[in-house]
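Chemist: show me how the following folds:
(one chain, ligands or ions: 1)
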Amino acid sequence: MLVLFFVGILTSNPASGKPVTIMQDTFLHKGKRKFLVQYLREKIGISDEKVLKAMNEVPRHLFLESIFEDYAYEDRAFPILAKQTISHPSTVAEQSELLQLRGKEKVLEIGTGCGYQTAVLVAMDAVVYTIERQKELHDFAVKKLGSLHLRPKFQSFGDGFAGLPTFAPFDKILVTCGAETLPTELLHQLKVGGIMVIPLGKTDEQILTRFTKKSEKEFEKEEFGAYKFVPMLNNTNQ
Ligand code: SAH
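Modeler: Residues are numbered from 1 along each chain as shown. The predicted structure follows:
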């Protein structure tokens, strides 16, 4: 089918007059997403149907630079703006599954990045509040999520260590960068019965950790293996 080969539309950039490619979501992309979802189910062991459905819907290639388009549905991380990284699809799926999302829960995400994980949470019906400390990524994600009609409830440019006290408490908190020390303020902003998923550890390796808030002072802690995330940094100048 001819349509399979149209991956973009050529138009011209009004500033430079040079042709630019506008990426589309074609049958080819949709087909690749189905294979990715099958891989996540069979090889990674993701069983939460809400996660799999959302990852089948969200066009990951549209969050990447066009040079990575052909590889967008492989289980790979890619560089994004501000020297940051979009996580592997398997990591996004595992983190999303660990949150045990049920319906319209209020979720705080730390590290919006390019907005892909945010979009997956929105597609899972979560009411998402997200924070990013890099201005260019924050701006990129605002535009991207708006254009895909996958807008979170609130997008903030700032330091995730502080959370969002005005909107607390949250049902769930997801940290998408690796924290050397536990951001205790975030645990305060979690409801009793709520869950926080966070990669914890030094820069070279972090342990994906889940905290369940049993009471105002008690937390259950579970660990889910080693990963490598970009670091969680606590000011906006780096
Ligand atoms: N979920 C993102 C992954 C981005 S990588 C995606 O799908 O693209 C982690 C992000 O955390 C980076 O964009 C980084 O800038 C951001 N980050 C690091 N420290 C932070 C902090 N203290 N507060 C908010 N965001 C932070």
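Chemist: what parts of the protein come near the ligand?
Modeler: 80, 84-87, 110-111, 113-114, 116-117, 131-134, 137, 159-161, 176-177, 230, 232-234 (C-beta under 6 Å from any ligand atom). Backbone N, C-alpha and C define where each C-beta goes, glycine included.
Chemist: ok, of the residues you listed, which come out buried?
Modeler: 80, 84-87, 110-111, 113-114, 116-117, 131-134, 137, 159-161, 176-177, 230, 232-233 (16 or more other C-beta atoms under 10 Å).
Chemist: narrow the residues you listed to those in helices?
Modeler: 116-117, 137 (DSSP state H).
Chemist: among these, which one sits closest to residue 126?
Modeler: Ranked by distance to residue 126 (C-beta to C-beta), those are led by residue 117 at 11.0 Å.
Chemist: helices of the chain, start to end?
Modeler: So, for the chain - with DSSP H - the helices run 27-39, 49-57, 89-98, 116-123, 135-147, 184-188.
Chemist: redo the ones you listed as TSV? Include mean pLDDT.
Modeler: Converted to TSV, the helices of the chain look like this (pLDDT from 0 to 100):
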stretch	mean pLDDT
helix 27-39	98
helix 49-57	98
helix 89-98	98
helix 116-123	98
helix 135-147	98
helix 184-188	97
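Chemist: which one of the ones you listed is the most hemmed in?
Modeler: Ranked by mean neighbour count, these are led by helix 116-123 with a mean of 25 (mean count of other C-beta atoms under 10 Å).
Chemist: now for that one, which elements pack on it?
Modeler: For helix 116-123, the packing partners by 3 or more C-beta pairs under 8 Å, 6 or more residues apart in numbering; DSSP states H and E come out as helix 49-57, helix 89-98, strand 106-110, strand 127-132, helix 135-147.
Chemist: the shortest one: how far from the chain's middle?
Modeler: Read that as strand 106-110. Remark: strand 106-110 is offset 10 Å from the chain centroid, using C-alpha atoms, centre = their mean, to the nearest Å.
Chemist: now do the longest one
Modeler: A distance of 13 Å separates the C-alpha centroid of helix 135-147 from that of its chain, computed with C-alpha atoms, centre = their mean.
Chemist: which residues sit against it?
Modeler: 62-63, 80-82, 84, 112-115, 118-119, 122, 130, 132, 151-152, 155-157, 236 (C-beta atoms under 8 Å, 6 or more residues apart in numbering).
Chemist: tell me the pLDDT of residue 45.
Modeler: Predicted confidence (pLDDT) for residue 45: 98.
Chemist: all set now, cheers.
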